[in-house]
Each structure stands twice: as structure tokens, then as C-alpha cells.
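Undergrad: starting from these lines, generate the structure:
(one chain, ligands or ions: 1)
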Amino acid sequence: MAKSPDLSIDLAGIRLRSPVVTASGCFASGKEASEFVDLKKIGAVVVKSMTMEPWPGKPTPRMAETPSGMLNAIGLQNYGVEHFLTVDLPWLNRVGVPVIASIAGNTVQEYIYVAEMLRGAPGVVAVEVNISCPNLEDRNNMFAHDAKATSSVIAAVRRALEVPLFAKLSPNVTSLPEIAGAALDNGAQGISLINTVMGMAIDIQTGQPKLAGVVGGLSGPAIRPIAVRSVFDVFRAFPHVPIIGMGGIMNSNDALEFILAGATAVAIGTANFIDPNTTTKVNDGILQYMKEKGVNNLASMRGRVKVEG
Ligand SMILES: Cc1cc2nc3c(=O)[nH]c(=O)nc-3n(C[C@H](O)[C@H](O)[C@H](O)COP(=O)(O)O)c2cc1C
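TA: Take a look at the predicted model:
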């Protein structure tokens, strides 16, 4: 019988059994979804971004449905890093799924605090630095919108941690390769693309924004072409750097687009709210595609979009 294709990947030196991971904020710590999803089938759980202290998040309404997507302004509600270490992480370790911890903050010092707390945490194979947060020390400009702010956060987190770092970037910038370059120059081993796209929706009956936070992040299929283009741009600029690609992946065909554009791994976000089992279905669909195409190794497909020049 023919050998089954190898779905495992090397992500900045970490071996994952599948290229499919969860997107931060769309799967919590995995506990809620574990009733429906075989977590052993996915590459890793990327947990909700955690901060130094618990954050209550923004007032409601925090979500609004939009054509082919949704807007959210959750405001990074989370229980804080200590809760992660004492409650979520032991549970994830018992399940035996690799964990990518996502960290966030409003100042560089806050990122350092969370990073130091995570040092040596069992089962945390990598840290994703969510730099799509307002920088309180710079007029609330998002860290990821500025190469200098990106450099300072990543350099600080790098000093605090030994595991591979992925900088999670915002697509709302003129040049993603410039911001990615700043992250890589300062110690990130990989790039996660993309966080949500800034958007707004208005209820014309009340005249009010649909989100209490006024503006929010657009996710889902509406942003997929932006995400695929973002992965393509960063892969072209840094072909040897691992990329976790995400944005509107609903099925394995969507995921394959990201891999052909240059993603090493793919993350599933909004689709989990429709079907919490999307990750494993995407995993199985990629395997099926590889069988049909006679591809044995996923890495050989990475970035193979046929573009002249
Ligand atoms: C409800 C919700 C909460 C999110 N929370 C986080 C978060 O805590 N940290 C983060 O880095 N990204 C967060 N994201 C962004 C997702 O991880 C992902 O980058 C984005 O939604 C694009 O992927 P998707 O279209 O598959 O959802 C969140 C997205 C949604 C929809």
C-alpha cells in the first residue's frame, strides 16, 4: 500500500504533527471545543492572547455580522497570564497538544512581564507576540503599525524567552515586509499573518455604530484575499522564515491557497464559530489533496504558486 503523505511540519525548529493550528481568540484554551474536536489531530492550540492582569474587555455589543465575515471589538478580554499557567496550561498538557502562547500588552513592560512568567512553562513550544495592541506610550498607535515599536517589543520579549517567537502582524500597514523585517531583525523566528482588518458598521435605524467600541476587527472569508496577499508578500521577502497564515480559512481549499502563497502552517479563526471541527476537517482535506496530487511532503508545496518573474 502507498505510504500516507507526511502532514508534519517544521515550524522554526518545532515539529508539529499537522500544519493546522487554531487562531488566537477563536478557540479560547481549547477546553470548550474539546468535546467536539480531537485536539490530538491538530498541530497546536494557539491560545487567546493573555496579558499581565485580567482584562475585562470592551463593552457590548462586541460582535457584528458583516457580509462574508464579522467585526469584533472584544478588547482582549482574558483572565491574565497567571490563570493561564495555573488552569489552562495544565489542562492542555494533560490532553497532550502543543501550545503556542499568545501574549499582549499596552506597554513594552507589560509584554516583558508576561514573557517572563512564561519562561520554562511546560508544553509551550512557541510564543506568538500579538502586537496589534494599542501602545499607551505612543498615543495608542498599534505596535504593529510602526517598525520601531515592533522592534522594541520583540527585542524585549526575545530577551525574556528562549522558545521560538512569532510576531503576529496587522495588515493595516503600507509595507508588511518592512514590519516583518523589524520583527525578524530583533529576534522573531517566524511571522503570523494576519490579524483582523480594521472596519466599522453602522445601524442606520439608530444611527449608532454596531460595535460599542465603534471600530473593530474584520475577520472571516471577506479578508482572505488580503491575507493570502500578505503571506505572499512576506514569503517573497523572507523565503526561509516560517509563516503561520490565517484569515478567512473555512476549508482545506482555502488553507491550500495559503500554503501555495508561502505559509508553513495555517490557523483557523472565525470558522470555529460556525463549525468547531473546522481544524480537523482542514487537516483531512489537505491530506486528501496531497494524496490526489501525489505529494508526500507538505514543505515541497510551500510557496509554489506559479508566478512569472
Ligand atoms: C472573536 C475574535 C477574537 C480574537 N482574539 C484575538 C486575540 O486575542 N489575539 C490575536 O492575536 N488575535 C485575535 N483574533 C484574530 C484572529 O486570531 C485571526 O488573526 C483573525 O481573526 C483572522 O483569521 P480568521 O478570519 O480565520 O478569523 C481574534 C479574532 C476574533 C474573530
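Undergrad: quick one: low-confidence parts of the protein?
TA: Within the chain, the stretches with pLDDT under 70 are 1-2, 309.
Undergrad: please list the residues of it that sit near the ligand.
TA: Taking Cβ under 6 Å from any ligand atom as the contact definition, the chain meets the ligand at 23-26, 48-49, 72, 74, 76, 102, 130, 168, 195-196, 219-220, 223, 246-249, 268-271. In this view, the C-beta of every residue, glycine as well, is placed from N, C-alpha and C.
Undergrad: report the buried residues of stretch 271-288.
TA: By 16 or more other Cβ atoms under 10 Å, the buried positions in stretch 271-288 come out as Ala271, Asn272, Pro276, Thr278, Thr279, Thr280, Lys281, Val282, Asn283, Gly285, Ile286, Leu287.
Undergrad: can you tell me the closest non-neighbouring residue to the residue in the stretch 1-150 of the chain that the ligand sits nearest to?
TA: Closest approach between the stretch 1-150 of the chain and the ligand, counting by Cβ to the nearest ligand atom: Gly25, at 1.9 Å. Nearest residue to Gly25, sequence neighbours excluded (Cβ to Cβ, 6 or more residues apart in numbering): Lys48, at 5.0 Å.
Undergrad: please confirm that that neighbour is located within a strand.
TA: No. Going by DSSP: H, G, I helix; E, B strand; the rest coil, the assignment for Lys48 is coil, not a strand.
Undergrad: and it, its phi and psi?
TA: Main-chain torsions, Lys48, degrees, to the nearest 10: phi -60, psi 140.
Undergrad: mind listing what it touches?
TA: Going by Cβ atoms under 8 Å, 6 or more residues apart in numbering, Lys48 touches Ser24, Gly25, Phe27, Ala28, Ser29, Asn78, Ser102.
Undergrad: just the closest of these to Asp185, please.
TA: Nearest to Asp185 out of the contacts of Lys48 is Ser102 (Cβ to Cβ; 21.6 Å).
Undergrad: next SSE after whatever helix or strand that closest one lives in?
TA: Using DSSP states H and E, Ser102 maps to strand 99-103. Heading C-terminal from strand 99-103, the first helix or strand you meet, by DSSP H and E, is helix 108-118.
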